[in-house]
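Novice: here is the input, now give the coordinates:
(chains A and B)
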Amino acid sequence: MLNDLTDEELMLRIQKGDQKACEELVNQHLLPLSRFAMRMLGSMAEAEDATQETFLKVWSSAHQWKSGKAKISTWLHTIAHNICIDYLRKDKSHLQETLTDDHHSSSHLEDDMHATVTASQIFNAMSALPESQRTAIILCYYQGFSNRDAAQVTGVSVQALESLLARGRRALKKALRPEREVSN
Amino acid sequence: MHKPASLSRFIEVLDAYGSDHDRWPKEDREQLEALLATSRHAQQLLKETAKLDSILDQFTVSDISQEVRKHVVDAIPFTKSGITERLLDWLFPEGPEFLWRPALAVTLPLLIGFILGLVALEPAEPLDNWEEDIYLVGVQAAGDTSL
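Specialist: Model (predicted):
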C-alpha cells in the first residue's frame, strides 16, 4: 500500500511519474503545508492557491529532489516558503488590506481563522515582523520544525535562526503586551 | 544526571523557542531541564515565557477541506509530464550550477555539424587503375556495338 511507504520512497516513485504516489504525498502533507501558507499569508484563498502551486512544483520538479539531501517536509516547506514570499512581494498591498479589513467585523481573516479574540491581533503582530523572523517563528513554533530543518528552509545558520526567533518573539511580546494589559 | 546548562544559554533558548520543552533543541534539552530542576530563577523565567506562549497558541488556523484536496490533486498535470517536458526540465533547471546543460544543448549541434562538414568535404578517392581499365573497355565495347 502507498500509505505504508516513507516520504522518500514516495518521492522516488514520483520521480518515475507515479501519479498515485503524488496523490499520497498530497494526502500526507496537504494539512501542514496549508497551515504554513495560511499563517504566512493570512488568507485561506491565497493559502489554498499557494499550497496548490507547491504540489504543482513538486510534480514538475520532482527530478530536482535528491535522496538523502533533505527531509521531504523540509523540501516541501522550502518550495511553499518561496511561493508565499512571491505572493507577499507581488501583492504589497496585501498586508495593508488585511490590517484595514481587520478593523471591521467582516474581516476575511476572522472568517478563515477560528473565532478567537486575539487571532487577528496575533496575525497583525506577526505581519509586522520582517518576513525572515515571521517564517522562523511559524516553522519552529507552529510547524514543529527542529532548528536545523527550519534553518535549512530559511537558508540561514542555526545561530542566525535563533537570533531571528529571539528578535521575532521579543517584537511579538512588545506588540501584544498592551492587549494583555488592557484585557487584565 | 546531565550537567546543567548555563543560565545564559537557558535564557537564549527561552527567548528563541519558548517555554515548551519539546521545542527546545534536542542537543540542549537535558542540560536545560537539569538547570530547571535546580534553579528557581530559571523556573521563574520559564513562567514568564509561558505567558507569551499562551497568547501565541491562540493563533490557530482552519484546516483545509477535502474539496480543496481534490482541487489540488486535479490541478496537477499528470498526463503532461512526458518526455518533452522532462527533457526541457533537464535542459533548463533552476540554479546556476546547471548552466552547462543549456550550453551543451547549444554547442552539441554545432559540434556535430562541424564534424559532418569535415567528413563531407574530404576529396573522393581516385579510381584504381583496374577500375579505370574496366571502365575504358566498357566504353570501347559500347562503341564497337554501335558501329
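
Novice: please name the nearest non-neighbouring residue to residue B:92.
Specialist: residue B:102 (6.1 Å; CB to CB, 6 or more residues apart in numbering or on different chains). Quick note: C-beta positions are derived from backbone N, CA and C, even for glycine.

Novice: got the buried residues for the strand or helix carrying that neighbour?
Specialist: Assigned by DSSP states H and E, residue B:102 belongs to helix B:100-120. Within helix B:100-120, no residue counts as buried by 16 or more other CB atoms under 10 Å in any protein chain shown.

Novice: what mean pLDDT does it have?
Specialist: For helix B:100-120, mean pLDDT rounds to 87.

Novice: past it, which element shows up next along the chain?
Specialist: Taking DSSP H and E, what comes next after helix B:100-120 is helix B:129-146.

Novice: which elements pack onto that following helix?
Specialist: Using 3 or more CB pairs under 8 Å, 6 or more residues apart in numbering or on different chains; DSSP states H and E as the contact test, no helix or strand touches helix B:129-146.

Novice: on that earlier part again, the residue nearest to residue B:92 against residue B:90, yeah?
Specialist: No - with contact defined as CB atoms under 8 Å, residue B:102 does not count as touching residue B:90 (10.2 Å).

Novice: distance from the lowest-mean-pLDDT helix or strand in chain B to the middle of the chain?
Specialist: Within chain B, no helix or strand scores below helix B:83-91, which has a mean of 74 by mean pLDDT, DSSP states H and E. Its chain's average C-alpha position is 13 Å from that of helix B:83-91, according to CA atoms, centre = their mean, to the nearest Å.

Novice: with stretch A:162-178 instead?
Specialist: 18 Å.

Novice: over to stretch B:98-118?
Specialist: That offset, for stretch B:98-118, works out to 24 Å (CA atoms, centre = their mean).

Novice: one step back: quick one: contacts of the helix holding residue B:102?
Specialist: The contact list for helix B:100-120, computed with CB atoms under 8 Å, 6 or more residues apart in numbering or on different chains, reads B:90, B:91, B:92, B:93.

Novice: which one of those is nearest chain A?
Specialist: Lowest distance from chain A to those (CB to the nearest CB) belongs to residue B:93, with 6.2 Å.

Novice: residue contacts, the closest one?
Specialist: Taking CB under 8 Å, 6+ apart, we find residue B:93 in contact with A:61, A:64, B:101.

Novice: any idea how far residue B:15 lies from residue A:41?
Specialist: 27 Å (CB to CB, to the nearest Å).

Novice: please say which of those two ends up with more neighbours.
Specialist: Per other CB atoms under 10 Å in any protein chain shown, whichever of residue B:15 and residue A:41 has more neighbours is residue A:41, with 25 against 19.

Novice: who's in contact with that one?
Specialist: Shown in contact with residue A:41 (CB under 8 Å, 6+ apart): A:47, A:50, A:84, A:87, A:88, A:94.

Novice: just to check, the fifth one is in contact with residue A:130?
Specialist: Looking back up the chat, that one is residue A:88. No - using CB under 8 Å, residue A:88 is not in contact with residue A:130; the gap is 11.4 Å.

Novice: domains in chain A, by residue range?
Specialist: Split into domains by automatic domain parsing, chain A comes to A:1-91, A:129-184.

Novice: chain center to the first one, what's the gap?
Specialist: When distances are taken as CA atoms, centre = their mean, domain A:1-91 is centred 11 Å away from the chain's centroid.

Novice: now the end-to-end length of it.
Specialist: In terms of CA to CA, to the nearest Å, the two terminal residues of domain A:1-91 are separated by 42 Å.

Novice: which positions within whichever strand or helix holds residue B:34 qualify as buried?
Specialist: Per DSSP H and E: residue B:34 is located in helix B:26-38. Residues of helix B:26-38 classed as buried: B:28, B:29, B:30, B:31, B:32, B:34, B:35, B:36 (neighbour count, 16+ other CB under 10 Å).

Novice: much appreciated, bye for now.
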